[in-house]
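Participant: Fold the following.
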Amino acid sequence: MKEVTIYTDGACSGNPGPGGWGAVLLYGAHKRELSGGEAATTNNRMELTAVIEALALLKEPCAVALWSDSKYVIDGLEKGWAATWQKRGWVKSDKKPALNPDLWEKLLALTKVHSMRYHWVKGHAENAYNNRCDELAVAESRKYR
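Facilitator: Next up is the predicted model:
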């Protein structure tokens, strides 16, 4: 299996508000950056979209190390929260509806294709790739102001 490292971040000016996402994919000596945004969204939707878009680029099953500063994304995947919400018909343990089921559906399907390892990274700290993702996401969100 090819080993790919993915860094992602989402940004939102207001929550909800104009938002953006950014991702950096690393494979051997190759690096690819991607980003996008929406006029009206939330920070969590942008965090999820960044991961979805990055994983969707992979053309075959890979060993993926995913780095994100979003506890929502990392815990939702690593701790199995999203899979449990899905099994319950997108209802959380507190009986409230889980948010963003449309994006979680896509993300869960993509993670099943790959061998995933999850890593939380402190946002706005010393990680150059996370900081680059933040720059990409913020730049995208500004296009919608």
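Participant: Quick check, central residue of the chain?
Facilitator: Residue closest to the average C-alpha location in the chain (CA atoms, centre = their mean): Val51, at 3.1 Å.
Participant: how close does that one get to Ser93?
Facilitator: Computed as CB to CB, to the nearest Å, the Val51 to Ser93 distance reads 23 Å. Placement of C-beta: from N, CA and C, glycine included.
Participant: Kindly report the same for Ala137.
Facilitator: According to CB to CB, Ala137 stands 30 Å off from Ser93.
Participant: quick one, strands of this protein?
Facilitator: Counting by DSSP state E, the chain has strands at residues 2-12, 17-27, 30-41, 62-68, 115-120.
Participant: what helices or strands is the fourth one leaning on?
Facilitator: Going back to what we said before, that points to strand 62-68. Here strand 62-68 touches strand 2-12, helix 43-56, helix 71-78, strand 115-120, going by 3 or more CB pairs under 8 Å, 6 or more residues apart in numbering; DSSP states H and E.
Participant: Report the inter-axis angle for it versus strand 115-120.
Facilitator: Going by axes from the mean of the first three to the mean of the last three CA atoms, to 10 degrees, strand 62-68 is angled at 10 degrees with respect to strand 115-120.
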